[in-house]
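What follows is a predicted structure for the sequence shown.
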Amino acid sequence: MATVNLTIDGNKVQAEAGKTILQVSRENGLNIPAFCNQPFLEPKASCRMCVVEVKGARSLVTACSTPVGEGMEIKTHSDRVDTSRRVILELLLANHATYCPTCHAREKCLLLKYSRRYGVEKVHYFGKKRETEACSDFDSIIERDQAKCILCGKCVEVCRQVIGVEAIDFKNRGFKTQIGTAFDKKLKDTRCINCGQCVNGCPTGAIYVRSDVAAVQKELRDPTRKVIFQTAPSIRAAIGEEFGIPAGTITTGKMVTALRRLGAHKVYQTDFGADLTIMEEGHEFIRRFTANDKIPMFTSCCPAWQKYIEEFYPDLLPNLSSCKSPHQMTGAVIKHHYAEKMGLTKEEVTVVSIMPCSAKKWEITRPGCCTKELADVDYVLTTREFADIIKAQNIDFAKLPDEEFDSVVGQSTGAGEMFAVTGGVMEAALRTVAVKVLKRPLEKVDFMAVRGMKRVKEATIDLDGTKVNILVVSGLANAKPFLDDIRAGKSKYHFIEVMNCPAGCINGGGMPFYEDFAVIQKRYDAIIGDDKGHPIRSSHENPAILELYTDWLKEPNGEMAHHYLHTPYIDRSDVI
Ligand code: SF4
Ligand code: SF4
Ligand code: SF4
């Protein structure tokens, strides 16, 4: 690795050549402001907030797009730099509907944060304002409030570069400029896959996820309803951040206690459904691999990925596993099996999933995710909404004692928990597939080849001479070249895991906002550590799952399992 020596704010620094001033400054504890920058995006240098002084340069330079060089002398703050930043902030505020108390930006708003940081107390610019449309006019799970948009374009670039969908773009010119859809369609009528990554990218409250908090509160207050919660594996590694608990702290016990205090009839975990998914998907893979039937097989636990295939690669729909996602499976077994065991009717049960993700809000309305007119899951709350509902009830989350999940849908394995991270579904599947194929226990259940947060990972797994080529992708845009290869008949892979969000659900579109990507590494490490300490680490060893097959489902991929746990897909390629 080539390095360069430079000075930042008077301090000597050694840095990797090729990195930008912004990256190197942040690595050295200097949080230079930036609206349009994001770790996975090509720098656009459009907002100009990150300008710094470089000795010898005539004008200020943008830190996000300027590489560090040998002997550089950089000032990240000075009268000239700070004045420039203040002018940008004042110009943005002069054209902004500043209704902070009712804004969806929550604590993440960089406009507010930077205005305070640079002492902007008064706006000196007045004149014509940008024309904006009414709030909440996307009519979708992802909503738009144009009055809050600062036109940094980060949402557009995230959708294009990270997700590869291009559902939104800049439209019009001058005062009429806006972020919108082609032909002014409602976002729900476009190819948007509801992933919410544009929301995570937005530095203000201009794009946000529709809230279902009020609807869930109503269910909780209705004495005739039995509200059963399930929590996705990723939530335990992130919900604490909303309450001042350091990133990467596992808070499973507090999360369970909080849900009981909200009025939950039962508190279950989606990890159970993840174990069930592995039983179904693992057996489906073994059958298809052995028969060379629709290989490579794709995992199907990410609804954004499901919709992406339906929209852009409908010819590859047969490659997608027919398994519902884990929370849908959990919802189906709660309503159609466990409700009766609890002395309840399935109609009086409300299943609420606490998810990392806005795409799951869309998923519960999929035609295949209702069995006999009854939705598997009634509501999805994102992790952020979960925090909202806890706060609304004056619960001091950080001080809560730890409680356990309810039995039996609270029973799970380390494999189920691994669904939270990129590579985790593949590793969980391999732990079971290998045992079923080899017909003996594994000496080690850790598949290191699929570990880590790299966006693309590949490996060949040797099962006593049978070679299985696997691929793991996160950040949906990274899947496109591999899908094109499959279309062209050039793919060598047998089993492919795809998660929409970079690094997986720990970075989902409904998770607590963060400024520094190091937060995602901490969430990742927390999940990996929790799996390691789990007494049971493989899905086929979960006693509650084995009992479910004995008592009700009979066998993986059997008739009952197909009826309740699998889904058809839809060719949506006619959408423009
Ligand atoms: S985007 Fe930020 S500054 Fe604008 S109303 Fe929302 S919180 Fe306030
Ligand atoms: S939700 Fe995802 S697909 Fe839809 S506009 Fe946002 S980034 Fe694009
Ligand atoms: S990767 Fe996870 S959080 Fe992201 S869209 Fe898919 S299921 Fe949702």
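Perfect, I can see it now. Numbers count the residues shown, from 1 in each chain. Ligands and ions are numbered 1, 2, ... in the order given.

Disregarding flanking residues, what is the spatial nearest neighbour of the most centrally placed residue in the chain?
Residue closest to the average C-alpha location in the chain (C-alpha atoms, centre = their mean): residue 508, at 1.2 Å. Spatially, and ignoring its direct neighbours in sequence, residue 508 is nearest to residue 356 (3.1 Å; C-beta to C-beta, 6 or more residues apart in numbering). Where C-beta positions appear, they are placed from N, C-alpha and C, glycine not excepted.

right, and the residue nearest to the centre of the chain touches residue 234 too?
Yes - counting by C-beta atoms under 8 Å, residue 508 does reach residue 234; the two are 6.6 Å apart.

Give the next helix or strand downstream of the helix or strand containing residue 547.
Take DSSP states H and E as the rule and residue 547 turns out to sit in helix 543-548. Downstream of helix 543-548, the next assigned helix or strand under DSSP H and E is helix 559-565.

Low-confidence ranges, this structure, go.
Filtered on pLDDT under 70, the chain yields the residue ranges 133-136, 371-372, 575-576.

What is the longest helix of it by residue count?
With DSSP state H setting the assignment, residue counts place helix 270-290 as the longest helix in the chain.

Kindly provide the distance from the residue nearest to the centre of the chain to residue 499.
Separation of residue 508 from residue 499 (C-beta to C-beta, to the nearest Å): 9 Å.

One more: residue 257?
Distance from residue 257 to residue 499, by C-beta to C-beta: 29 Å.

try residue 15
Distance from residue 15 to residue 499, by C-beta to C-beta: 31 Å.

Show me which of the two is the more surrounded one.
Per other C-beta atoms under 10 Å, whichever of residue 15 and residue 499 has more neighbours is residue 499, with 29 against 22.

ok, the nearest residue to the more buried one once chain neighbours are set aside - how many residues close by?
In space, not counting the residues next to it along the chain, residue 499 is nearest to residue 474; the distance is 4.6 Å by C-beta to C-beta, 6+ apart. The tally of other residues near residue 474 (other C-beta under 10 Å) stands at 27.

Let me see the contact set for residue 474.
422, 453, 455, 498-504 (C-beta atoms under 8 Å, 6 or more residues apart in numbering).

residues contacting residue 340?
residue 346.

Would it be right to say that it lies in a strand?
No - when classified by DSSP: H, G, I helix; E, B strand; the rest coil, residue 340 is found to be helix rather than part of a strand.

Tell me the gap between the host helix or strand of residue 230 and the middle of its chain.
Per DSSP H and E: residue 230 is located in strand 226-231. From the chain centre to the centre of strand 226-231 is a distance of 21 Å (C-alpha atoms, centre = their mean, to the nearest Å).

can you state the direction angle for that strand and helix 270-290?
60 degrees (axes from the mean of the first three to the mean of the last three C-alpha atoms, to 10 degrees).

Just the strands from the stretch 451-576 of the chain, written as ranges.
Assigned by DSSP state E, counting those that start in this stretch, the strands in the stretch 451-576 of the chain fall at 456-463, 466-474, 495-499.

among the ones you listed, which is the most enclosed?
Ranked by mean neighbour count, the strands of the stretch 451-576 of the chain are led by strand 495-499 with a mean of 26 (mean count of other C-beta atoms under 10 Å).

who's in contact with that one?
Strand 495-499 is contacted by residues 285, 289, 296-299, 301-302, 305, 422-423, 425-426, 429, 450, 468-474, 476, 479, 482, 505 when judged by C-beta under 8 Å, 6+ apart.

Partner strands of it, with direction?
If you go by DSSP bridges, strand 495-499 pairs up with strand 297-298 (parallel), strand 466-474 (parallel).

That one close to ligand 2?
No - Strand 495-499 is not in contact with ligand 2 by C-beta under 6 Å from any ligand atom; minimum separation 13.3 Å.

Is ligand 3 within reach of that strand?
Yes - applying C-beta under 6 Å from any ligand atom, one finds strand 495-499 touching ligand 3 at residue 499.

Can you give me the domain assignment for the chain?
Under the assignment automatic domain parsing, the domains of the chain span 3-77, 123-209, 214-565.

Quick one: those as TSV, columns for distance to residue 102 too.
Converted to TSV, these look like this (distance: least, C-beta to C-beta, whole Å):
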stretch	distance to residue 102
domain 3-77	22
domain 123-209	9
domain 214-565	14
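
Specify the angle between the helix or strand following the strand holding residue 230 and helix 270-290 in degrees.
Sequence-wise, the next helix or strand downstream of strand 226-231 (DSSP H and E) is helix 252-262. Inter-element angle recorded for helix 252-262 and helix 270-290: 120 degrees (by the same axes, to 10 degrees).

Could I get the buried residue list for helix 252-262?
Using 16 or more other C-beta atoms under 10 Å as the test for burial, helix 252-262 gives 252, 254-259, 262.

So which of those is the closest to ligand 3?
Ligand 3 has its nearest neighbour among those in residue 255, at 17.1 Å by C-beta to the nearest ligand atom.

Tell me who's in contact with the closest one.
231, 235-236, 239.

May I ask which two of those residues are separated the most?
Using C-beta to C-beta, the contacts of residue 255 span at most 8.7 Å, a distance reached by 231 and 239.

coming back round to it: return the list of helices and strands in contact with the longest helix of the chain.
Where contact means 3 or more C-beta pairs under 8 Å, 6 or more residues apart in numbering; DSSP states H and E, helix 270-290 is packed against strand 226-231, strand 297-298, helix 326-333, helix 414-417, helix 424-438, helix 543-548, helix 559-565.

mind listing what's buried in the last one?
By neighbour count with 16+ other C-beta under 10 Å, helix 559-565 contains the buried residues 561, 564-565.

Find residues that contact each of residue 508 and residue 234.
Shared contacts of residue 508 and residue 234 (C-beta under 8 Å, 6+ apart): 356, 383.

if we can go back for a sec, who are the neighbours of the helix holding residue 547, in terms of helices and strands?
With contacts defined as 3+ C-beta pairs under 8 Å, 6+ apart, the packing partners of helix 543-548 are helix 270-290.

where does the stretch 151-300 of the chain come near ligand 1, residue by residue?
Residues of the stretch 151-300 of the chain lying near ligand 1 (C-beta under 6 Å from any ligand atom): 204-205.

switch the cut-off to 8 Å
204-206 (C-beta under 8 Å from any ligand atom).

Name the nearest of those residues relative to residue 381.
residue 205 (18.7 Å).

That closest one: what's it in contact with?
Contact analysis of residue 205 by C-beta under 8 Å, 6+ apart lists 103-106, 109, 145, 148.

In terms of helix, strand or coil, where does it fall?
coil.

got the contact list for the closest residue to residue 541 other than its chain neighbours?
In this structure, residue 541 finds its nearest non-sequential neighbour in residue 413, 6.5 Å apart by C-beta to C-beta, 6+ apart. By C-beta under 8 Å, 6+ apart, residue 413 lies in contact with 271, 275, 534, 536-539, 541-542.

Take those residues and lay them out in JSON lines including distance to residue 349 and neighbour count.
Listed next are the contacts of residue 413 as JSON lines, based on distance: C-beta to C-beta, whole Å; neighbours: other C-beta atoms under 10 Å:
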{"residue": "271", "distance to residue 349": "20", "neighbour count": "33"}
{"residue": "275", "distance to residue 349": "21", "neighbour count": "33"}
{"residue": "534", "distance to residue 349": "28", "neighbour count": "17"}
{"residue": "536", "distance to residue 349": "27", "neighbour count": "16"}
{"residue": "537", "distance to residue 349": "31", "neighbour count": "21"}
{"residue": "538", "distance to residue 349": "30", "neighbour count": "22"}
{"residue": "539", "distance to residue 349": "25", "neighbour count": "28"}
{"residue": "541", "distance to residue 349": "28", "neighbour count": "18"}
{"residue": "542", "distance to residue 349": "22", "neighbour count": "24"}
